[in-house]
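Colleague: Kindly generate the corresponding structure for this input.
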Amino acid sequence: MQPSMTNIAPTRIGIIGAGNIGGTLARRLVELGHHVTIANSRGPETLAELVAELGPNATAGTPTEAAEAGEFVIVTVPLKAYRDIPVEPLAGKIVIDTNNYYWERDGRIAELDSGQATVSGLLQAHLPESKVVKGFNNIAAAAILTDGTPTGTPGRRALSTASDFDDAAELVTALFDDLGFDSVVFGPLAESWRAERDQPAYVTPQNREELVANLARAERLLAA
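Modeller: From the prediction side, this is the model:
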């Protein structure tokens, strides 16, 4: 049973990145009545098939157009491309970061290997006037469509979020609930590594209590 929207009234959402997570979130958000502007690095014309499938509430644009269009914006590009995210049109907006550090794809990033920074902290530094919040990084894309259940379902799957801004974490919590998931807000961006790759909370289906325990069990993995 797919949940119905209960928290966030239909609004305009920008999605920068049209891969597995971006495309899947676009599909669910359109189903919930939102208008989505989605962008990739190759140009709007390459998204014609996707937006045709999604229907009239979806449009393709450039990253700048997606950033300008959204009341809030989801950034779901490979980490190595985070510096390409437009800065000025995201000023004052909540930006949901779905990313994880895959050094095999992204190359080695010294600040992450040493523990001096976090993935979402790097994006926050790039977007100093935005409110970056971690979200959707510890669930496989396909599960966004299949694992959601109504509020109050016993054992309901939970997802985690972290931000330096309370209103950003509250938005993601509301969005998780609309998509069918409980949430755990576990701290500022400095702690966001706890939900990333190779940690107990990463990808594994878990309810709220299990997720709290797994976040607490996390141990920071630093490159030698």
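Colleague: Please count neighbours and contacts with C-alpha atoms only from this point.
Modeller: Fine.
Colleague: For this protein, which segments are assigned as helices?
Modeller: In the chain, the helices defined using DSSP state H lie at 20-31, 48-54, 63-69, 103-106, 110-113, 119-126, 141-146, 166-179, 208-217.
Colleague: what about these, which gets the closest to S41?
Modeller: Set against S41 and scored by Cα to Cα, the helices of the chain come closest in helix 63-69, at 7.5 Å.
Colleague: Residues touching the closest one, excluding its own?
Modeller: Outside helix 63-69, the residues that touch it by Cα atoms under 8 Å, 6 or more residues apart in numbering are 12-16, 37-41, 73, 85-86, 89-90.
Colleague: what sits against the most centrally placed residue in the chain?
Modeller: Geometric centre of the chain, nearest residue: T98, 3.2 Å, by Cα atoms, centre = their mean. Residues in contact with T98 (Cα under 8 Å, 6+ apart) are 74-76, 134-137.
Colleague: low-scoring stretches of the chain, by residue?
Modeller: Residue ranges of the chain with pLDDT under 70: 1-5, 224.
Colleague: and with 80 instead?
Modeller: 1-6, 223-224 (pLDDT under 80).
Colleague: Share the number of residues neighbouring the nearest residue to L25 once chain neighbours are set aside, please.
Modeller: Leaving aside its sequence neighbours, L25 sits nearest to I144 (Cα to Cα, 6 or more residues apart in numbering; 7.5 Å). Residues near I144, counting by other Cα atoms under 10 Å, number 18.
Colleague: any idea how far L222 is from I144?
Modeller: Distance, I144 to L222, by Cα to Cα, to the nearest Å: 30 Å.
Colleague: ditto for N138
Modeller: 19 Å.
Colleague: Name the residue in those two with the higher neighbour count.
Modeller: Neighbour tally, N138 and L222, criterion other Cα under 10 Å: the higher count belongs to N138, 23 against 10.
Colleague: Tell me who's in contact with that one.
Modeller: 159-160, 195-197, 201-204.
Colleague: of the residues you listed, buried ones?
Modeller: 159-160, 195-197, 201-203 (16 or more other Cα atoms under 10 Å).
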